[in-house]
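K.L.:
following is a predicted model, sequence given first.
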Amino acid sequence: MFSLQTKKASMKKTLIGTLLAIILGLVQSSPSCLPGDRALGRCISATEEKASCIDNALGYCDDLAYSKTIFPNLLDHRTRGEIEFSSEYILLSVIDNLLQGECNPDLRIVGCSVLAPRCEKNKVVKPCRKVCESLKKSCQPAFDAIDMAWPYFLDCDRFFVGEEEGCHDPLEKLRVNIDVVSEEVAPQMPNTFIHFNHHSYTQMISVLKKTAARCSHISKTYSIGRSFEGKELLVIEFSTNPGQHELLKPEFRYIGNMHGNEVLGRELLIYLAQYLCSEYLLGNARIQAIINTTRIHLLPSMNPDGYDLAAEEGAGYNGWTSGRLNAQNIDLNRNFPDLTSEFHKIIKMRSARLDHMPIPESYWDSKIAPETKAVMKWMRAIPFVISGSLHGGDLVVSYPYDFSKHPLEEKMFSPTPDEKVFQLLAKTYVASHPLMSSKATERCGGNFVSKGGIINGAEWYSFSGGMSDFSYLHTNCFELTLELGCDKFPTEDELYSAWQDNKESLLSLIEMVHRGIKGIVKDEYGNPIKKARISVKGIRHDITTAENGDYWRLLIPGVHIVSAEAFGYSKVTKKITLPAKMTKPGRVDFVLKRVDINNRKFDRLVPEDIYDRFDPLDRFDPHSHNNNGEQGEGGELTAEREKPWWWSYFSMLGQNRPVWLLKNN
Ligand SMILES: [Zn+2]
């Protein structure tokens, strides 16, 4: 259903048209009241001064539950003209469009109950505070999504009163309709009813925030930065202790919509968030086990600007590439530092370190998207173990490396040292997916049937600067690329079955963070050692410990020789056996002894500050200032901040522009 998509360009025209129509209409409708007179208060007619009930004639408030209103209204507007020229009224006339259907029509009607208050027996009856409070609770996320402050005239304490003061419910008319519908259609409706439709940016933010609010004991949203056009890159997190890394608890992430026109992953993650929340509340044992043992982060849209462009064309109409790139025309999955060529270059050097590779200096001279930077910082801030990057255009799971080991070979099997682990992860996703695991070759993704529905990225087609290669070579995180279907922008009626096809796979991949081993590395006195290295014989790719000395090492079943070492400490080696059927990771802790660093050669150990070249640059990222507390809040950047995109719609109001809608004002 393409009418649900955001059509920003056409929306702008409509809005400007609306405003002009309002203003022109008003000038005609009150010819006797010139703007100068109005300012001097000369427009008050005799009838209005008597303060008696009159018919409500405000066009945008013509569907209230009552017909009589009174002047002055609750904002002390004394004439109809004064209201119609007010920025409050103009806001109500455009708010449905600005919020893209969120909070419609409740917000407008509650606003109208302030601008055109109910009148009974020539007295004002104020709207109920409770109604205002619940409206604010459900609509605040939609305002946050467009960076708009809550309108002052919807201040529940100022303009609304309690029941004891004889208030009225401005939404009573709506409630009657809703009650009838919900009783007839779904008497046993579950707590959350997932709507399997496409979500505009505003709708997405709103659903995520509402979900986090509903499950606030296990969920939280946070922003990792902003897109080039300033949209939040909002993550929803699930954990028994949201906002915190917990000792030994593995971290998982899904990233959707990196290519703006590949939208299925975005929707699936929005559904997954709602599913996790409601199933946890309903007592689903599996979902509770997952959330109790894992910290899950979902970034449904890494490229919200590209999405808007793709959505303008709409489902079924989207071509192959429109909206793929970000707003600067950067392909985000080509924009990460290319560490893979470096890997292939130095692999023959016995002492070269092939994990946690530093970002080459030259990278910083290239054009780097704010979305890319935000994700790189995020990858570094959290000790992720597994990631899934959700794409579209084919039906297959691909895994690193994406960049061929031979620069001139476009299709060349280029495995990582963890080939077996990657195969295990990829096969897990495929196994639970009815289409991916189907043996039919005449289907979408049919050419991967002979490979079991999975493929090494470079063997499929080679490219550099991808996110998955970077994740593996720069951090501890193993990332898969999930190609979810041949249709990059499916129609709405396909979304429910796509969710059914992927739900089990999405959950199974999360559960894979419990494969292999985990543990803590400490010194003799019990102090955790961070950035200690966990190496496995035969796999030239080390994992490092997190801040509190905890680590996770994904491994396939079998016998493994595992060592832990850290700069200035002795190396400790253990032999472990992992059974074929594992549901829990093996726990392997290490205690390292201090040694005299002058007496030992620490080959393959590099100084710990390999990332230092990365961090200073963040300060110059104009899009990162609002998600980075340490850079000082309210600095020059905030003061100089541009106005939000919707500000221009109020520019014709001159000095009466609603500055109260600007945040931090
Ligand atoms: Zn893609």
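P.N.:
Received it, and whenever you're ready, just let me know what you need.

K.L.:
going forward, measure contacts between C-alpha atoms and count neighbours the same way
P.N.:
Noted.

K.L.:
what about Ser351, how many residues close to it?
P.N.:
11 (other C-alpha atoms under 10 Å).

K.L.:
sec struct for it, please.
P.N.:
Here Ser351 is recorded as coil under DSSP: H, G, I helix; E, B strand; the rest coil.

K.L.:
next up, the contacts around the nearest residue to Glu547 once chain neighbours are set aside.
P.N.:
Sequence neighbours aside, Lys530 is the residue nearest to Glu547 in space, at 5.0 Å (criterion: C-alpha to C-alpha, 6 or more residues apart in numbering). Counting by C-alpha atoms under 8 Å, 6 or more residues apart in numbering, Lys530 touches 521, 544-550.

K.L.:
quick check, nearest of these to Pro383?
P.N.:
Ala546 (6.3 Å; C-alpha to C-alpha).

K.L.:
give me the phi and psi for that closest one.
P.N.:
Main-chain dihedrals, Ala546, degrees, to the nearest 10: phi -80, psi -170.

K.L.:
check Val562 too.
P.N.:
The phi/psi pair for Val562 (degrees, to the nearest 10) is phi -120, psi 140.

K.L.:
confirm for me that it is in contact with Lys575.
P.N.:
Yes. Between Val562 and Lys575 there is a contact at 6.2 Å, judged by C-alpha atoms under 8 Å.

K.L.:
okay, Val176: pLDDT?
P.N.:
With respect to pLDDT, Val176 scores 66.

K.L.:
before we move on, back to that, which of the contacts of Lys530 fall within strands?
P.N.:
521, 544, 550 (DSSP state E).

K.L.:
and Val562 and Lys575? which has more neighbours close in?
P.N.:
Val562 (18 against 12).

K.L.:
how about the more buried one: what's its closest non-neighbour residue?
P.N.:
Val536 (4.6 Å).

K.L.:
so who does the closest residue to the ion within the chain touch?
P.N.:
The minimum distance from the chain to the ion, using C-alpha to the ion, falls at His391 (4.3 Å). His391 sits next to 256-259, 262-265, 481-484 when contact means C-alpha under 8 Å, 6+ apart.

K.L.:
go again using 10 Å as the cut-off
P.N.:
For His391, the contacting residues are 255-266, 397, 481-486, 488, by C-alpha atoms under 10 Å, 6 or more residues apart in numbering.

K.L.:
those residues: which ones sit near the ion?
P.N.:
By C-alpha under 5 Å from the ion, the members of these lying near the ion are His259.

K.L.:
Val562 contacts Leu554, doesn't it?
P.N.:
No. Using C-alpha atoms under 10 Å, Val562 is not in contact with Leu554, being 11.9 Å away.

K.L.:
overlap in contacts, those two.
P.N.:
Joint contacts of Val562 and Leu554 (C-alpha under 10 Å, 6+ apart) are Ile517.

K.L.:
give me the phi and psi for the residue most central in space within the chain.
P.N.:
Central residue of the chain (C-alpha atoms, centre = their mean): Leu234, 3.0 Å from the mean position. Torsion angles at Leu234 (phi, psi; degrees, to the nearest 10) stand at phi -90, psi 130.

K.L.:
top of the ones in strands among the contacts of Lys530 by neighbour count?
P.N.:
Val521 (30 neighbours).

K.L.:
check contacts around that one.
P.N.:
527-534, 544-546, 548-551, 564-566, 588-592.

K.L.:
which strand or helix spans Thr202?
P.N.:
Here Thr202, judged by DSSP states H and E, is contained in helix 201-214.

K.L.:
can you show me the strands along the stretch 451-600 of the chain?
P.N.:
454-456, 478-485, 517-523, 533-536, 539-544, 550-553, 558-565, 572-578, 586-587, 590-592 (DSSP state E, counting those that start in this stretch).
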